[in-house]
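Student: Here is a sequence with its predicted model. Questions after.
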Amino acid sequence: MQDSQDYETASISHCDASEDKQLLSEHADKPARQLSWYRATWTLRNVLLSHLLTCLFVYLPVVYFAFQREASSQACDRKLSTWSPALDEGAVSYLPPAPFAGDILQTNKWRGEVGVTPSAEIDKAWTDIGVGVPGFRVSAEEVRVLGKPFRKGTRTLHAMPDGKGGYVAQLEVNHLLHCLNNLRQAMAWNYDHYFAGIPVRDVQIHHDALRASLQCTSDTTPVLYYDDAAIPQRQFSFPDFSTKHTCRDFDKLMGWTWSTERMVLWEDVGNSTFHQPELSREAREKEAQGDGPHGHLGHGR
Ligand SMILES: *[C@@H]1O[C@H](CO)[C@@H](O)[C@H](O)[C@H]1NC(C)=O
């Protein structure tokens, strides 16, 4: 109690009359002082200095942030992605944030009318983003960067047979889209059209590859729900799948696969170095009898 009273007394006495007088006299000669301040300010030196400061605090940050935006997404890619020549060769960039074209009621390039057998155009659209995309060559050094063994048990990396060296690779995105295409074909309503008479035992692996990838990327975008006054008979809300995403530019990436010096066409990749045509013939005959394995890796060959 005693302490706080002392404090109040002290702060009141601090604002004494002599200080007030000093403040008044300062105001009295203000115009003259303003003029000299003005002259002093607009010397050449100060003009240059102010330009320099503007440059430092306005232009440079703008330029910096413009570059930084691109640089930081590249840094992010490198930090969060496995090494890929697509990252090194500038094939990965981002589109502006935009909603998915996720409307429930729609058809598109990859999705036809309900109940209609998929057209050749739809099949082509899927091939064009899956196994229709070329592979690419990686060097031995790059295989080491990927942390992959050249030989493990009975398995050996497939070297390009054209004598130019290197090993064969493919973008994961094209593999996964191929998986999704296979599942599309294996759906009950499409099955007879695509797989009539052919035993399909490896659809599971495509299913599982997509599960693993979806869990790996774990997209955390909130999907909102809405109610439609035009459909009052509907009991439950609709999910809005047109969620906003910052997508990698897929078309640009596919442009890279077709234009990079690394490109290898699947027909030039050749057969397995261990391939024995006689055994292959036998296996086909067995398969025709209905109990051979139906190879899923072969890029449609
Ligand atoms: C690959 O294997 C197939 C089937 O056995 C054979 O017909 C073809 O000639 C082989 N291709 C090459 C490049 O060896």
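Tutor: Structure's in. What do you need? Predicted, not measured: the structure shown is a model, and the values here were computed from it. Residues are numbered from 1 along each chain as shown.

Student: C-alpha only now, for contacts and for neighbours.
Tutor: Fine.

Student: which SS class is Glu142?
Tutor: helix (DSSP: H, G, I helix; E, B strand; the rest coil).

Student: How about the contacts made by it?
Tutor: With CA atoms under 8 Å, 6 or more residues apart in numbering as the criterion, no residue contacts Glu142.

Student: The stretch 101-250 of the chain against the ligand: which residues are in contact?
Tutor: Taking CA under 6 Å from any ligand atom, no part of the stretch 101-250 of the chain reaches the ligand.

Student: Can you name the residue of the stretch 101-250 of the chain nearest to the ligand?
Tutor: Pro161 (9.0 Å; CA to the nearest ligand atom).

Student: Run a quick neighbour tally on that residue.
Tutor: Around Pro161 there are 15 other residues, counting by other CA atoms under 10 Å.

Student: State whether it is indeed within a strand.
Tutor: No - Pro161 is assigned coil when assessed by three-state DSSP, not a strand.

Student: you'd agree it is up against Gly270?
Tutor: Yes - using CA atoms under 8 Å, Pro161 makes contact with Gly270 at a distance of 6.8 Å.

Student: What pLDDT is listed against the nearest residue to Trp83 once chain neighbours are set aside?
Tutor: Leaving aside its chain neighbours, Trp83 sits nearest to Leu146 (6.7 Å; criterion: CA to CA, 6 or more residues apart in numbering). Looking at Leu146, its pLDDT stands at 95.

Student: any idea how far Leu146 is from Gln74?
Tutor: 19 Å (CA to CA, to the nearest Å).

Student: higher neighbour count, the two?
Tutor: The neighbour count for Leu146 versus Gln74, taken as other CA under 10 Å, is higher for Gln74 (18 against 12).

Student: Mind telling me what element that one is part of?
Tutor: Assigned by DSSP states H and E, Gln74 belongs to helix 60-80.

Student: For that helix, give me every contacting residue.
Tutor: So helix 60-80 is contacted by Leu87 (CA under 8 Å, 6+ apart).

Student: per-domain residue ranges of the protein.
Tutor: 85-247, 249-293 (the TED database).

Student: Those domains: lowest mean pLDDT?
Tutor: domain 249-293 (a mean of 87).

Student: Please, where are all the helices along the stretch 1-150 of the chain?
Tutor: With DSSP state H, counting those that start in this stretch applied, the stretch 1-150 of the chain shows helices at 2-14, 17-28, 30-41, 44-54, 60-80, 85-88, 120-129, 140-145, listed in chain order.

Student: Please read the previous query as pertaining to the stretch 201-301 of the chain.
Tutor: 203-217, 250-259, 266-269, 277-289.

Student: what sits against Pro239?
Tutor: 223-226.

Student: For Leu49, find the nearest of the domains of the chain.
Tutor: Leu49 lies closest to domain 85-247 among those, at 38.1 Å (CA to CA).

Student: I'd guessed Gly165 sits against Glu141; true?
Tutor: No - with contact defined as CA under 8 Å, Gly165 does not reach Glu141; the gap is 11.6 Å.

Student: For the two, indicate the residue with more neighbours.
Tutor: Per other CA under 10 Å, whichever of Gly165 and Glu141 has more neighbours is Gly165, with 13 against 10.
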